[in-house]
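>>> compute the structure for the input listed below.
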Amino acid sequence: MTRTQRSWAIAAIAFTGGVGGGVVFPILPMVGVQLRISGAMIGLILSANRIARLLFNPATGSLLDRFGARWPVAAGLLLETIGSGAYAIALSADRPALWFLLGRIIWGLGSSLLLVGVLAAIMSISEDASRGGMTARVRTAISLGFPGGLVIGGLVADLVSDNAAFLVATGLSLAAAAGAACVMPDQAERRRSARATGASRWAAWSEVLSLGTLRIIFAANALLFFAVSGVLLATVALAVDARHLLLFGLGAQGSAGLLMAVLMGARASSSLACGRYLDRSTSRTRLLLPAMAGVASGFVILGLATNLTLAIIGLLLIGAGAGGLTIPMLTLLGDVAPARIHGRALSVYQWSSDLGGALGPILGLMCGRWVGYGPSYVAVGVLIVVMTLPLRHLAVDEQRRND
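Here you go, the predicted model:
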């Protein structure tokens, strides 16, 4: 299998494994009300997988640097299968909140191994001249998997049942686990090297955290995920319902899923275009500030939107901007971090994603109920502008290195 073929196979596994995480988002806020689960508990459940990853990501990084990606990713997908199955049990259990919470925690442990593992795998098989495109391919698959779960979950829940949506997610995770065992790179050389330097594992963590470029990437990534994968994804179905932004006669869940497909398409297109640009450009940072402006303006427009046209424009800008931020930052991470610590560096990157994503649903749902979803989205847009100075620093630092 060529490197290009393997990168597409890794992307397919990343997409399929990510679907289960998105399925629960359009369903749980509505089902939670029906099952009399409190708003705070719903927010905690939606954030529980990220909280679990916050605790487990460092271990994931060490495992990947030592053993490679194949078996950690396959094991992670099996854990996701178990977690998705717990959602189905929750619908008829005496204590549904507990089952949903347990499922999200188990799914979180599995998704840590998956999300960090597929990125570490692509870093191991890519070269400088192809890293942008290959990283974009896999990161886009991850980005599509989660909103893809939103679409699948919303549509299957509307057309069949909530239980059917959860069972679909369970089956997809199991199929992806079998695929991972066959196609993920084994990375035997990295495994042998990590064993030989096992005594210096604490020095490796210190090296990751001491790199200023990586610290800025981690902080900007946390804020991006707080906004897009936290606040927006947790509240979009409720905002659609409150504003009656319904599509094709579907309910709030199905309409929210289709609207998120707009964001998903914009983010995927932007990510792939950025990857191709980065492989031809000498700059990894040129797109960062324009992309940040796109995300910020998109949230403001979405917050002020009173009709479907404005909502779609806002989502297009958010999606395009998110892709334009993520791919350059990941590619720069791969350039700056030595190969021997890619697993650890990517685990901290994922940790920052999960920190932002864990806070987003809790604060987003609470603020949405207190002040409304429109003002909350505008406030998030203003907050995104905080990225300006650190991202500008990355561009200046890159220029200094090139000179």
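>>> C-alpha only now, for contacts and for neighbours.
Will do.
>>> counting by contacts, list what the helix or strand harbouring residue 357 packs against.
Under the criterion of DSSP states H and E, residue 357 resides in helix 342-371. Applying 3 or more CA pairs under 8 Å, 6 or more residues apart in numbering; DSSP states H and E, we find helix 342-371 packed against helix 39-67, helix 96-125, helix 201-210, helix 212-225, helix 233-243, helix 373-384.
>>> to residue 259, which of the ones you listed lies closest?
Taking CA to CA as the criterion, residue 259 comes closest to helix 233-243 out of those, the separation being 8.8 Å.
>>> what angle do that closest one and helix 373-384 make?
Angle, helix 233-243 to helix 373-384, by axes from the mean of the first three to the mean of the last three CA atoms, to 10 degrees: 140 degrees.
>>> for residue 344, which of the helices and strands packed on helix 342-371 is the nearest?
Ranking the helices and strands packed on helix 342-371 by proximity to residue 344 (CA to CA) places helix 39-67 first, at 4.1 Å.
>>> got the angle for that closest one vs helix 201-210?
For the pair helix 39-67 and helix 201-210, the angle between their directions (the same axes, to 10 degrees) equals 120 degrees.
>>> quick one: mean pLDDT for helix 39-67?
Helix 39-67 comes out with an average pLDDT of 85.
>>> again, but for stretch 143-153
Mean pLDDT, taken over the full extent of stretch 143-153, equals 76.
>>> same question, stretch 236-245
When pLDDT is averaged over stretch 236-245, the result is 76.
>>> list the buried residues of that stretch.
Residues of stretch 236-245 classed as buried by neighbour count (16 or more other CA atoms under 10 Å): 236, 237, 238, 239, 240, 241, 245.
>>> what would these look like in TSV with distance to residue 9?
Converted to TSV, these look like this (distance: CA to CA, whole Å):
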residue	distance to residue 9
236	31
237	32
238	35
239	36
240	35
241	38
245	37
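>>> tell me the one of those residues nearest residue 393?
Taking CA to CA as the measure, residue 393 lies nearest residue 236 of those, at 33.0 Å.
>>> so the closest one touches residue 256, yeah?
Yes - the pair residue 236 and residue 256 passes the contact test of CA atoms under 8 Å, sitting 6.2 Å apart.
>>> contacts only, for residue 364.
Residue 364 sits next to 230, 231, 232, 234, 235, 376 when contact means CA atoms under 8 Å, 6 or more residues apart in numbering.
>>> could you measure from the residue nearest to the first one when sequence neighbours are not counted over to residue 366?
The shortest distance from residue 230 to any residue other than its chain neighbours is 3.8 Å, reached at residue 360 (CA to CA, 6 or more residues apart in numbering). Distance from residue 360 to residue 366, counting by CA to CA, to the nearest Å: 10 Å.
>>> and these two? which has more neighbours close in?
Between residue 360 and residue 366, counting by other CA atoms under 10 Å, residue 360 is the more crowded of the two (27 against 18).
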